[in-house]
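Chemist: Below: sequence and its predicted model.
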Amino acid sequence: MTPQTLAAAPDSRTTVHRRPLSFGRFVAEAQNRGALVVQPRMGFSGPALMRAGLLATKGAADAVVGTMTIDSYTRVSDEASAVRALNSGVPLNGFPITSYSPHTSRWVLDGVRDAGFPVQIRHGSARPQRIVTALARLGLDATEGGPVSYCLPYGRTPLLDSVRNWQESCEFLAGLRATGAEPHLETFGGCMLGQLCPPGLLVAISALEALFFHRAGLRSISLSYAQQTNAAQDRDAVHALRRLAGEFLPDTDWHIVLYTYMGLYPQTRSGSLDLLERSAELAVETGAARLIVKTVAEAHRIPTVAENVEALRVAARAASRHRAAAAEAGRPGAVPGPPAGAAGSTVPPDAADSAVYAEARALVEAVLNLDDDLGQALLKAFARGYLDVPFCLHPDNAGRSRSRIDGSGRLTWSEIGAMPLGPVRDRGRRLTAAGLFDALSFVQRRHDRTLPPSVPRTPLPSAARRPAAHRQHTQEVAP
């Protein structure tokens, strides 16, 4: 049977379709048997292609999560434009879940999603109410985002509106627990802007969004972190995030989801695959349970289904190989421990009090001390500059912080604005346009071998206030 591709107005009913095994339990079971869950960043507007993509990725590795990424029109609640595009035969950059009839969307999932293949809806919206309502009608209960991370990088929706919208969406999802479901929500806070945001702030925002979800009634949560510029610093960051989750998320099934590097990606095939494999190894070393992969096409265009399948297989093989090598050498990461959110989950002692953890903990505590209502606390934190994302042009972001890549490749602060982090020791040189490009392309050049790893680097200059030319990250859906 082939579904009609003509868009239809969203159904106003709130009937919930039947659900298989919960998302969180699927990830926990995979982690228990020593498998890294791998997941693509993929979405197509055509139902047949979307279904084919899910079927192809389903068998790509031992433990795979399917992805349906929503298009840009739906992300900003412009269903009218999505419908016009579909009726005109114009392809979109994602699946318009609120514009297709539920019958069409169910056809995409029928016989595809099951206990061994959960599907997550990814969207990038500061106004996600209609999206979460639509996914619930399909029996889906896993999505992602957050009041900060799906507001500041993506547009000019006021943070006040985003906090209110996400509060409503979280409460709606939490209400699905009454139907016997265990809805799962993933933070996007650990991926702010994709690059050039020091890990302490990424970890803090991811932890704060997870706590926001928890206070709204959700009990299955994943906390995100995106691979950055220095492997040792990344290890500290993931360990810090795990420690904060253990401290702030009681009675919660939680895990860490790692993102392969989100910034300017290597242009060569060898460089792309090398970076992907390093992210899989990082996941194994730090106890992250799930990895969002990137493909060899990332620097050039939207990847094909085949390229997504290749990325899943490469990442899964790299993780398995690294785990086996660690077991043979007796290193950490050799065998699976308890799921990240389970009793007995620990962080290595040498990582417990890292600089990243101290910085993230200081930011989290500063925000929580502003107001008992976490939504209000987040608003006050940005208004006062306690949270300040470098390079972020959103009107509600103070824009006084500056970041830089130091000589060892670590992301550090050169200016902290009003953030409660103490003095900056090395501000570096004033940023030029060439210096900004140098920082943005650092990872790309290193993995494409235009920046030999053995060659010492002088510290890069600090980031200028609100530069006019920069590459703002967008996730799966490009504007």
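Modeler: That came through, no problem.
Chemist: right, and residue 131 touches residue 68 too?
Modeler: No - if you go by Cβ atoms under 8 Å, residue 131 and residue 68 don't touch, sitting 10.6 Å apart. All C-beta atoms are positioned from the backbone trio N, CA, C, and that covers glycine.
Chemist: what touches both of the two?
Modeler: 97, 121 (Cβ atoms under 8 Å, 6 or more residues apart in numbering).
Chemist: Tell me where the stretch 201-350 of the chain is predicted with low confidence.
Modeler: For the stretch 201-350 of the chain, the stretches with pLDDT under 70 are 331-350.
Chemist: Let me see the ranges of the strands in it.
Modeler: Remark: strands assigned in the stretch 201-350 of the chain by DSSP state E, counting those that start in this stretch are 220-226, 253-259, 290-292.
Chemist: partners of the second one in the sheet?
Modeler: Based on DSSP bridges, the strands next to strand 253-259 in the sheet, each with its direction, are strand 220-226 (parallel), strand 290-292 (parallel).
Chemist: Just the CA trace of the longest one, in PDB.
Modeler: Spelled out, it's strand 220-226. Provided in PDB are the C-alpha atoms of strand 220-226 (Å, rounded to 0.1, in the frame of the first residue of the first chain):
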ATOM      1  CA  SER A 220      13.000   8.800  31.500                       C
ATOM      2  CA  ILE A 221      15.600  11.300  30.400                       C
ATOM      3  CA  SER A 222      18.900  11.400  28.400                       C
ATOM      4  CA  LEU A 223      21.500  14.100  28.800                       C
ATOM      5  CA  SER A 224      23.400  15.300  25.700                       C
ATOM      6  CA  TYR A 225      27.000  16.300  25.100                       C
ATOM      7  CA  ALA A 226      28.600  17.100  21.800                       C
END
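Chemist: let's number from 28 now, not from 1
Modeler: Let's use 28 as the start, then, which means that last one is strand 247-253.
Chemist: chain center to that strand: distance?
Modeler: Averaging C-alpha positions (Cα atoms, centre = their mean, to the nearest Å) puts strand 247-253 7 Å from its chain's average.
Chemist: cool, and stretch 70-83?
Modeler: That offset, for stretch 70-83, works out to 21 Å (Cα atoms, centre = their mean).
Chemist: Return the set of buried residues in it.
Modeler: 70, 71, 72, 73, 74, 77, 78, 80, 81, 83 (16 or more other Cβ atoms under 10 Å).
Chemist: Check which residues of stretch 118-128 are buried.
Modeler: 119, 120, 121, 122, 123, 124, 125, 126, 127, 128.
Chemist: farthest-separated two in the residues you listed?
Modeler: Greatest spatial distance among the buried residues of stretch 118-128 (Cβ to Cβ): 120 and 128, at 20.7 Å.
Chemist: Mind checking which of residue 158 and residue 95 has more residues around it?
Modeler: Shown here are residue 158 and residue 95; by other Cβ atoms under 10 Å, residue 95 has more neighbours (27 against 23).
Chemist: you'd agree the more buried one is in a strand?
Modeler: Yes - according to DSSP: H, G, I helix; E, B strand; the rest coil, residue 95 belongs to a strand.
Chemist: contacting residues around it?
Modeler: 69, 70, 77, 81, 121, 122, 124, 135, 146, 147, 148, 149.
Chemist: likewise residue 169?
Modeler: 50, 145, 146, 147, 148, 210, 211, 212, 213.
Chemist: For residue 94, see how far away it is.
Modeler: Applying Cβ to Cβ, to the nearest Å, the value for residue 169 to residue 94 is 10 Å.
Chemist: Give me the common contacts of the two.
Modeler: With Cβ under 8 Å, 6+ apart, residue 169 and residue 94 have common neighbours 146, 147.
Chemist: Now, the contacts of residue 95 that are in helices?
Modeler: Taking DSSP state H, the ones among the contacts of residue 95 that sit in helices are 77, 81, 135.
Chemist: which ones are touching residue 172?
Modeler: 150, 151, 152, 155, 193, 212, 213, 214, 215.
Chemist: Many thanks, we can stop here.
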